[in-house]
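Student: Everything below, folded, please.
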Amino acid sequence: MAPAGSIRVLFVQGAGVRSGAERALLARIRHLPEHGVEPVVAFLSDGPFRAEVEQSGVATVLLPEAPRVRQPARLPGAVLRLAGAARRERAEVLEGCGEKMSLLAGWAARAAGRGCVYNLQDAPRRSLEATVVQLGAAAGRHDAVVVPSRWMARSFRRLGLRPRVIPNAVVLEDLPGRSLDIRGPAGWDSAALVVGLFGRLVAWKGAEVMLGAARRVLGDHPETRFLVVGGTLYGQEPDYEPRLRAQARELGLAERLHFAGHREDALALMAGCDAVCHCSIEREPFGMVVLEAMALGKPVVATRTGGPEEMIDHGRTGMLVDPGDEPALAAAIDSLVRDPGARAELGRAARAEARDRFDSAAVGASLAALYRE
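Tutor: Numbering: from 1, shown residues only. Presented below is the predicted three-dimensional model:
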């Protein structure tokens, strides 16, 4: 329970399934009651993530689905319903989780006479639709804007927003205590070294770069195995995963690369990997996968794009390569396969860095101070 004199914040969440932004939300709200903030999450879409939030001890409300950008006539009704929820929940501040939810939260806050915070988790101007929503959010009612990385703050200033940087967090106590075996179910040797790729399967995440690098690595280290965990959520790019599977077959990776699909126990699978790759070919707003792998003590090879570049100290807490550079990615993985001592040292340093800088308790204190303003 939040202490006496606490304030209530209504978080406006669109998706009912969990991806990187949803994991970031769960980490943000976890320790807020300790800092005098009582969170409530308003979902506009039901799903397993809502149950996960409730299991963490945070109350939720379910509202009708928000209108799409191409349905502007439905926006006033959605705003009024959200404003009504804010009044019923006695929320003093609304926080929009992402661009679309921020646009909705801003107008609902105006209607309800509440404060409003935007928490933007997507890269600026990634698509025409995102840009329209971002420009609409910039013109909407807000008291503060939060972004998880410095490069996002610089980019959003060009749209007229003045964000402050509060990084995403990891809930240390929720990290899996035990790893989940993938070698047996995949038919691999129990001693196989496994390199994992985790995240949504969409083109800008660059999974095909990892497949190409895997082919190169296997030329020298045929005993290495590769794991892909993730799916095409939210109906985005449904043809991408079948293309990846076809590419894997064409590259001769079928027996040495396993597609696990979208998994709610992805972190337990990550804990069973020997190294983790992050291959985005466009700017990554933050990179929750990178942070989670670091917190689990895994050596990470990530692309030098946005958030990961701010998280990783190259050569000390992980390795950075240029986006889309298949030979460089293969060389970095090769160096980790060859040197177990380097894997262990990078993993130890990564874990210490994640726990020092990104613990959800400390990030919760920064957010609580912002809400109290």
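
Student: Verify the stated contact: Q236 with V202.
Tutor: Yes - Q236 is within contact range of V202, at 5.5 Å (criterion: CB atoms under 8 Å). Glycine gets a C-beta too; all of them are placed from N, C-alpha and C.

Student: out of these two, which sits in the more crowded spot?
Tutor: Neighbour count, other CB atoms under 10 Å: between Q236 and V202, V202 has more, with 17 against 11.

Student: For the more buried one, give me phi and psi.
Tutor: Backbone dihedrals for V202, given as degrees, to the nearest 10, come out at phi -130, psi 160.

Student: so what's it up against?
Tutor: By CB atoms under 8 Å, 6 or more residues apart in numbering, the contact set of V202 is 232, 236-237, 240.

Student: low-scoring stretches of the protein, by residue?
Tutor: Along the chain, the parts satisfying pLDDT under 70 run over 1-5, 66-72, 125-126, 129, 234-235.

Student: just the strands in it please.
Tutor: 7-13, 37-43, 59-62, 93-97, 115-119, 144-147, 164-165, 194-198, 225-229, 257-261, 275-278, 300-303, 319-321 (DSSP state E).

Student: can I get those strands in a markdown table with distance to D356 and mean neighbour count?
Tutor: A markdown table is the format used below for the strands of the chain (distance: least, CB to CB, whole Å; neighbours: other CB atoms under 10 Å):
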| stretch | distance to D356 | mean neighbour count |
| --- | --- | --- |
| strand 7-13 | 26 | 24 |
| strand 37-43 | 23 | 23 |
| strand 59-62 | 31 | 15 |
| strand 93-97 | 26 | 28 |
| strand 115-119 | 23 | 25 |
| strand 144-147 | 21 | 22 |
| strand 164-165 | 17 | 13 |
| strand 194-198 | 23 | 24 |
| strand 225-229 | 27 | 24 |
| strand 257-261 | 31 | 19 |
| strand 275-278 | 19 | 28 |
| strand 300-303 | 16 | 28 |
| strand 319-321 | 19 | 22 |
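
Student: and these as a markdown table, adding distance to A186?
Tutor: Listed next are the strands of the chain as a markdown table, based on distance: least, CB to CB, whole Å:
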| stretch | distance to A186 |
| --- | --- |
| strand 7-13 | 34 |
| strand 37-43 | 35 |
| strand 59-62 | 36 |
| strand 93-97 | 35 |
| strand 115-119 | 37 |
| strand 144-147 | 38 |
| strand 164-165 | 39 |
| strand 194-198 | 9 |
| strand 225-229 | 7 |
| strand 257-261 | 4 |
| strand 275-278 | 16 |
| strand 300-303 | 21 |
| strand 319-321 | 25 |
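
Student: thinking Q121 is in contact with G98, fair?
Tutor: Yes - using CB under 8 Å, Q121 is in contact with G98, at 5.3 Å.

Student: Touching both of those two, which residues are there?
Tutor: Contact criterion CB under 8 Å, 6+ apart; residues shared by Q121 and G98: A21.

Student: residue contacts, the closest residue to V170 other than its chain neighbours?
Tutor: With CB to CB, 6 or more residues apart in numbering as the criterion, V170 has its nearest non-adjacent residue at 4.6 Å, and that residue is A295. Listed by CB under 8 Å, 6+ apart, the contact partners of A295 are 170, 172, 175, 350-351, 354-355, 358.

Student: Could I get the residues you listed in JSON lines, plus columns for neighbour count?
Tutor: Below are the contacts of A295 laid out as JSON lines (neighbours: other CB atoms under 10 Å):
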{"residue": "V170", "neighbour count": "26"}
{"residue": "L172", "neighbour count": "16"}
{"residue": "L175", "neighbour count": "18"}
{"residue": "A350", "neighbour count": "27"}
{"residue": "R351", "neighbour count": "19"}
{"residue": "A354", "neighbour count": "24"}
{"residue": "R355", "neighbour count": "16"}
{"residue": "F358", "neighbour count": "21"}
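
Student: What is the nearest of the residues you listed to V117?
Tutor: Each of the contacts of A295 was scored against V117 by CB to CB, and F358 proved nearest at 19.7 Å.

Student: which residues does the closest one contact?
Tutor: Contacts of F358 (CB under 8 Å, 6+ apart): 167-170, 291, 295.

Student: nearest to Q13, of those?
Tutor: The closest of these, once distances to Q13 are taken by CB to CB, is N168, at 14.9 Å.

Student: burial measure for E173, as a count.
Tutor: Close neighbours of E173, defined as other CB under 10 Å, add up to 11.

Student: give me the number of residues near G184?
Tutor: 9.

Student: And E52, by the same measure?
Tutor: E52 has 17 nearby residues by other CB under 10 Å.

Student: wait, Y118 sits on A109?
Tutor: No - counting by CB under 8 Å, Y118 does not reach A109; the two are 10.3 Å apart.

Student: In helices only, show me the contacts of A295.
Tutor: 350-351, 354-355 (DSSP state H).

Student: Now render these as a markdown table, adding distance to V9.
Tutor: Formatted as a markdown table, the ones in helices among the contacts of A295 follow (distance: CB to CB, whole Å):
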| residue | distance to V9 |
| --- | --- |
| A350 | 31 |
| R351 | 30 |
| A354 | 25 |
| R355 | 26 |
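
Student: Out of those residues, which is nearest to G14?
Tutor: So of those, ranked by how close each gets to G14 (CB to CB), first place is A354, at 27.3 Å.

Student: now that closest one: how far from R348?
Tutor: Plainly put, A354 is 11 Å away from R348 if you go by CB to CB, to the nearest Å.

Student: Also G341?
Tutor: Distance of G341 to R348, computed by CB to CB: 11 Å.

Student: closest to Q13 among the contacts of A295?
Tutor: Nearest member of these to Q13, counting by CB to CB, is V170, at 18.9 Å.
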